[in-house]
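Peer 1: Fold the following for me, if possible:
(2 chains)
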Amino acid sequence: MLGSPVWRGSPVLAFCAGLLVGGVLISAAFLVVGSVVRAPMPWWLRVALVAAWLVVMVARELGLLRFGLPENRRLVPETVFRLGRHLGPFQFGVEMGTGVRTYLPTGLPYVLVAAIALLASPVAAVVAGAGFGLGRCLMVLANLGYDAEGGWDRQWLAHHRQIKVLVTIVFVVMVTGAVLIGA
Amino acid sequence: MDATRSPGLASLWHPRLIASVIGALAAGVTAAAVLGGGPTWTTLSFWLLAAIAAGYAASGST
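Peer 2: Residues are numbered from 1 along each chain as shown, chains lettered A, B, ... in the order given. The predicted structure follows:
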């Protein structure tokens, strides 16, 4: 997909802008839903639910548990580029940034949305949404910057286990810190 | 973004290096929090880095 001529120059920036917008949109949506769900729940119960979900998902990430999660098991079609050189990638980015448009090869976003819904302030939700888009944008920029022959994908697969463990540790520490300091 | 990119610069985009940079930033934010950084900024930094980690992991390879 990234070998397409559309992935040159400013369309990449439009795509990344879309990723950030999509991340913020989905985060805001979960915050709104969460504001209703969290209303009757004490803080400690919300923390306990997120913590329990975090433990389950970390076990899944490490391969200790195996179960499916809801995801859109479809590749994004090339027709998303019908809107033009910039608007097409932007729309594509928004859809990818929401995390609900295509495959999700990790369970970490499922914990993130639970934490946003049950524990985040509005500002924190916006920051987290933008961060999710930024994380996805990193992959695109890195892939394009690495080489034009799919080398980045091969490196990702070769080091996937190490990367997954490191990113999971970062995620656990950061979510825990956000909850504890924000309390 | 072209096929003539420098191998040296390209190595800066290695997926493991990016994950390490995210980890280093997380360590820095954690240290700042332990040393008594402003609660608002440290909290938002924690949220930001947690989300970046989730987004990066969610991207995987194409």
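Peer 1: CA atoms for contacts and neighbours, from now on please.
Peer 2: Noted.
Peer 1: Give me the contacts around the helix or strand hosting A:F90.
Peer 2: Secondary structure from DSSP states H and E places A:F90 in helix A:87-98. Under the criterion CA atoms under 8 Å, 6 or more residues apart in numbering or on different chains, residues A:11-12, A:14-26, A:80-82, A:101-102, A:132-133, A:136 lie in contact with helix A:87-98.
Peer 1: distance between it and the chain's centre?
Peer 2: Using CA atoms, centre = their mean, to the nearest Å, the mean C-alpha position of helix A:87-98 is found 13 Å from that of the whole chain.
Peer 1: Give me the buried positions along that helix.
Peer 2: A:87-98 (16 or more other CA atoms under 10 Å in any protein chain shown).
Peer 1: and if you look at stretch A:134-153?
Peer 2: A:134-148, A:150, A:152-153.
Peer 1: again with stretch B:50-59
Peer 2: B:50-59.
Peer 1: JSON lines please, covering these and showing secondary structure, distance to A:W53 and pLDDT.
Peer 2: Output for the buried residues of stretch B:50-59, formatted as JSON lines (DSSP: H, G, I helix; E, B strand; the rest coil; distance: CA to CA, whole Å; pLDDT from 0 to 100):
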{"residue": "B:A50", "secondary structure": "helix", "distance to A:W53": "15", "pLDDT": "97"}
{"residue": "B:A51", "secondary structure": "helix", "distance to A:W53": "16", "pLDDT": "97"}
{"residue": "B:I52", "secondary structure": "helix", "distance to A:W53": "19", "pLDDT": "96"}
{"residue": "B:A53", "secondary structure": "helix", "distance to A:W53": "17", "pLDDT": "96"}
{"residue": "B:A54", "secondary structure": "helix", "distance to A:W53": "15", "pLDDT": "94"}
{"residue": "B:G55", "secondary structure": "helix", "distance to A:W53": "18", "pLDDT": "93"}
{"residue": "B:Y56", "secondary structure": "helix", "distance to A:W53": "20", "pLDDT": "94"}
{"residue": "B:A57", "secondary structure": "helix", "distance to A:W53": "17", "pLDDT": "92"}
{"residue": "B:A58", "secondary structure": "helix", "distance to A:W53": "17", "pLDDT": "88"}
{"residue": "B:S59", "secondary structure": "helix", "distance to A:W53": "21", "pLDDT": "80"}
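Peer 1: of these, list those near chain A.
Peer 2: With CA under 8 Å from any CA of the partner chain as the criterion, those include B:50-59 near chain A.
Peer 1: Could you identify the most distant pair in those residues?
Peer 2: B:A50 and B:S59 (14.4 Å; CA to CA).
Peer 1: in the chain, what spans have low per-residue confidence?
Peer 2: No chain was given, so I picked chain A. A:1-8, A:73, A:75-78, A:80-81, A:183 (pLDDT under 70).
Peer 1: nope, chain B
Peer 2: Short version for chain B, where the test is pLDDT under 70: B:1-7, B:60-62.
Peer 1: which parts of it sit against chain A?
Peer 2: B:1-3, B:5, B:9-16, B:19-20, B:22-23, B:26, B:30, B:39-40, B:42-44, B:46-62.
Peer 1: Narrow those residues to just the buried residues.
Peer 2: B:10-11, B:13-16, B:19-20, B:22-23, B:26, B:30, B:42-44, B:46-61.
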